[in-house]
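Engineer: what follows is a predicted structure for the sequence shown.
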Amino acid sequence: MKITHLHMGKAKCALDLGDGSERGEYVEQDYILQKLGRPHRAINLMYCYYPLDEGWPARASTLATDMGGPQGVSFAWDYAYDDYFPYQGGINGSTMYQDAGEPFLSMRDVRRHGQDVILTLTIDCAVTDDHLIKIAEDLRPFGRLMLRINHEATGNWFAFNKRYSYQQVADFFVRFHKIIKQHSPHIKTILCIGDPPHEDGKMKYEDEFAEAINAADFWSTDTYLALHWGWPFDIAEPGGNSHKRGSNTQMLKDFNLEYERFMIRTGNKTRPFVVSEFNADGDVTGPFEQAQQLGDFYRRLPQEAPCITGITFYQFRDRGRLGLEIEDPNNANIGCEQPILEEYKKILNMEVYMPVMTAGEAAVFPAKLRWGGSEDSDGLAVHLHLEKDPVFCEVSFSGDDIKLNLMMEINGRWFYKKPGIKSIDLIPAFFDKKCSGEIALRIFAPPPDGVNVPTGDDWEINHYTEMKNQPEFRIRYVPAMQAPECPPRHL
């Protein structure tokens with residue numbers, strides 16, 4: 001059995017996924033992986049931090065009426081502060097595993113499943129530096145995290161925009177960015193202000209955000225091919241004024257124009273440009289045109305807007321129609337799959353959106369694996385020879401390797417092995433896709449607790465694992481007992 005080292009690098013355009021927001025709860029990564037068959041580059045988690053407000057850290061929509069609670073609210077952003085789940089770190093918060101609140105439990109879940117974290121955090125611009133320093137320290141063990149600070153910053157709906165001028169919001173971004181770079185420099189900041197240029201040729205408020213544009217590690221835009229922003233307080237019907245729909249062609253052109261403006265503001269010093277929220281709202285399009293329009297868009301994006309280096313689908317499960325699943329109104333733990341989910345699975349498997357795998361030299365055991373993140377990790381490739389389409393295909397680990405936390409891919413399908421599990425059934429990789437001949441099982445080892453342990457000079461960006469033994473396989477091409485008359489298997 002041939003075993004080689006393997007490097008996983010960046011896709012030409014990364015696919016990210018939103019998981020939880022004001023419109024839906026967090027869905028565990030085990031479920032999402034089973035549904036979609038492969039991990040994303042990163043998972044976007046959305047939280048808020050308004051520790052100076054009365055009633056904090058309660059969620060805004062649960063506040064008492066005299067604290068800006070729900071009585072009389074007629075718009076999703078009419079609450080005292082943004083109705084995301086509260087960030088429970090910071091001063092007086094906790095990130096410890098045994099008593100941590102959110103988003104740290106979700107961040108651990110994301111990272112042990114081989115994905116990076118995008119943390120979207122809306123935050124009161126009045127908080128002092130000691131709050132921001134503590135947040136930077138909170139996030140330090142979570143590897144190559146991307147921090148999206150006060151997104152959609154040129155809008156008028158979030159509490160930070162209602163309380164402060166655009167210049168103050170821009171200055172706050174720069175202040176927080178500098179603190180991040182001082183205390184957790186491996187974390188990348190995302191500035192989300194992308195907007196198609198107006199009549200003066202500029203994006204909205206780009207003069208105010210000039211310093212922020214130059215400071216940010218990523219530039220970003222949030223945009224929707226269709227959106228019902230009146231949800232859940234009204235219904236999108238013909239003639240209404242709380243929803244919109246645009247064209248794929250125009251949006252792709254707008255991305256290029258926005259990127260050009262960012263480049264002009266920095267004197268052509270480029271940054272990665274990402275779409276941090278994207279969808280076509282099924283409230284507006286209906287479920288079938290939603291899948292059709294999004295499928296067309298994702299297929300055109302790499303050629304028509306090559307400036308985009310990553311795009312986040314908003315979101316996995318939604319109480320409205322912005323999800324791959326709709327939350328079952330009878331049971332929040334159940335999702336109702338939409339037509340877009342099957343279309344999105346096809347997009348996930350397009351080469352342009354796949355991480356690049358590069359084969360290395362022959363490996364011997366014990367072998368060292370390095371997890372730097374979903375765009376920079378070193379694993380192993382176990383090369384197998386299949387005589388024909390298998391009936392059984394299982395991989396097993398022995399000794400201390402049973403304790404390992406692993407992400408594995410074979411025949412285009414990814415599998416997770418948590419610590420303590422000895423064997424993983426790989427046969428689902430062959431349900432819909434036949435395979436015979438040479439094939440590789442690719443193995444990577446993200447941190448089992450979702451955090452990097454502070455050992456070694458590079459602990460903030462790398463987690464190391466030793467695999468001591470060669471994996472064992474049970475591959476069979478016929479059933480354990482053949483039926484007397486059994487029709488051949490067809491795909």
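Structural biologist: Arrived safely. Numbering: from 1, shown residues only.
Engineer: switch to C-alpha atoms for all contacts and neighbour counts from now on
Structural biologist: OK.
Engineer: how about the helices of this protein, start to end?
Structural biologist: 29-36, 104-112, 129-139, 159-163, 166-183, 210-215, 248-265, 282-304, 339-348 (DSSP state H).
Engineer: most packed of these?
Structural biologist: helix 104-112 (a mean of 22; mean count of other Cα atoms under 10 Å).
Engineer: in PDB, could you pull the C-alpha coordinates for that helix?
Structural biologist: Coordinates of each C-alpha in helix 104-112 appear next as PDB, following Å, rounded to 0.1, in the frame of the first residue of the first chain:
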ATOM      1  CA  PHE A 104     -16.900  29.400  21.300                       C
ATOM      2  CA  LEU A 105     -18.700  26.000  21.300                       C
ATOM      3  CA  SER A 106     -19.700  26.500  17.700                       C
ATOM      4  CA  MET A 107     -16.200  27.700  16.700                       C
ATOM      5  CA  ARG A 108     -14.700  24.500  18.200                       C
ATOM      6  CA  ASP A 109     -17.200  22.400  16.300                       C
ATOM      7  CA  VAL A 110     -16.400  24.200  13.000                       C
ATOM      8  CA  ARG A 111     -12.600  23.800  13.400                       C
ATOM      9  CA  ARG A 112     -12.500  20.200  14.500                       C
END
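Engineer: other SSEs contacting that helix?
Structural biologist: Of the remaining helices and strands, those touching helix 104-112 by 3 or more Cα pairs under 8 Å, 6 or more residues apart in numbering; DSSP states H and E are strand 116-123.
Engineer: list the strands paired with the strand it packs on, with their directions.
Structural biologist: strand 42-49 (parallel), strand 146-149 (parallel) (DSSP bridges).
Engineer: can you pull the contacts of Gly295?
Structural biologist: Neighbouring residues of Gly295 by Cα atoms under 8 Å, 6 or more residues apart in numbering: 343-344, 347.
Engineer: re earlier: so which of the strands paired with strand 116-123 comes closest to Ile326?
Structural biologist: strand 42-49 (17.9 Å; Cα to Cα).
Engineer: still on that earlier bit, the helices of the chain into CSV, with extra columns for mean pLDDT and distance to Val478?
Structural biologist: What follows is the helices of the chain, written out as CSV (pLDDT from 0 to 100; distance: least, Cα to Cα, whole Å):
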stretch, mean pLDDT, distance to Val478
helix 29-36, 98, 26
helix 104-112, 97, 35
helix 129-139, 97, 50
helix 159-163, 97, 62
helix 166-183, 98, 57
helix 210-215, 98, 60
helix 248-265, 97, 49
helix 282-304, 98, 38
helix 339-348, 97, 30
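Engineer: what's the neighbour count on the nearest residue to Val356 once chain neighbours are set aside?
Structural biologist: Distance criterion Cα to Cα, 6 or more residues apart in numbering; nearest residue to Val356, sequence neighbours excluded, is Gly9 at 5.0 Å. Residues near Gly9, counting by other Cα atoms under 10 Å, number 17.
Engineer: I'd guessed Gly9 sits against Pro355; true?
Structural biologist: Yes. With contact defined as Cα atoms under 8 Å, Gly9 reaches Pro355; the gap is 5.6 Å.
Engineer: okay, and the common contacts of those two?
Structural biologist: The contact sets of Gly9 and Pro355 overlap at Glu375 (Cα under 8 Å, 6+ apart).
Engineer: what stretches of the stretch 351-491 of the chain score poorly on pLDDT?
Structural biologist: 486-491 (pLDDT under 70).
Engineer: quick one: the strands in it, in order.
Structural biologist: For the stretch 351-491 of the chain, strands defined by DSSP state E, counting those that start in this stretch occupy the ranges 356-362, 367-371, 377-386, 392-396, 406-410, 413-417, 423-425, 437-444, 463-467, 472-476.
Engineer: could you give the separation of the last one from the chain centroid?
Structural biologist: Put plainly, it is strand 472-476. With Cα atoms, centre = their mean, to the nearest Å as the basis, strand 472-476 stands 33 Å off its chain's centre.
Engineer: pull the distance from stretch 33-51 to the chain's centre.
Structural biologist: 4 Å.
Engineer: ugh, typo on my part, it should be stretch 202-210
Structural biologist: When C-alpha coordinates are averaged (Cα atoms, centre = their mean), stretch 202-210 and its chain have centres 27 Å apart.
Engineer: can you list the neighbours in contact with that stretch?
Structural biologist: So stretch 202-210 is contacted by 154, 166-167, 170-171, 194-198, 258, 261, 265 (Cα under 8 Å, 6+ apart).
Engineer: for Phe415, find the nearest of the strands paired with strand 116-123.
Structural biologist: Closest among the strands paired with strand 116-123, using Cα to Cα: strand 42-49, at 16.7 Å.
Engineer: what are the buried residues along that closest one?
Structural biologist: 42-49 (16 or more other Cα atoms under 10 Å).
Engineer: what do you get for stretch 322-340?
Structural biologist: 322-327, 335, 337-338, 340.
Engineer: from these, which two are the most distant?
Structural biologist: In the buried residues of stretch 322-340, two members sit farther apart than any others by Cα to Cα. They are Glu327 and Ile340, at 14.6 Å.
Engineer: sorry, back to before: next step: the buried residues of stretch 322-340 restricted to strands.
Structural biologist: 325-327, 335, 337 (DSSP state E).
Engineer: just give me the residue closest to the centre of the protein.
Structural biologist: By Cα atoms, centre = their mean, the chain has its centre lying nearest to Ile43, at 1.8 Å.
Engineer: is it in contact with Ser21, as I believe?
Structural biologist: No. With contact defined as Cα under 8 Å, Ile43 does not reach Ser21; the gap is 12.0 Å.
Engineer: using a markdown table, lay out the contacts of stretch 202-210 together with distance to Pro471.
Structural biologist: What follows is the contacts of stretch 202-210, written out as a markdown table (distance: Cα to Cα, whole Å):
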| residue | distance to Pro471 |
| --- | --- |
| Thr154 | 53 |
| Tyr166 | 56 |
| Gln167 | 57 |
| Ala170 | 52 |
| Asp171 | 53 |
| Gly194 | 48 |
| Asp195 | 51 |
| Pro196 | 52 |
| Pro197 | 55 |
| His198 | 59 |
| Glu258 | 49 |
| Arg261 | 52 |
| Arg265 | 53 |
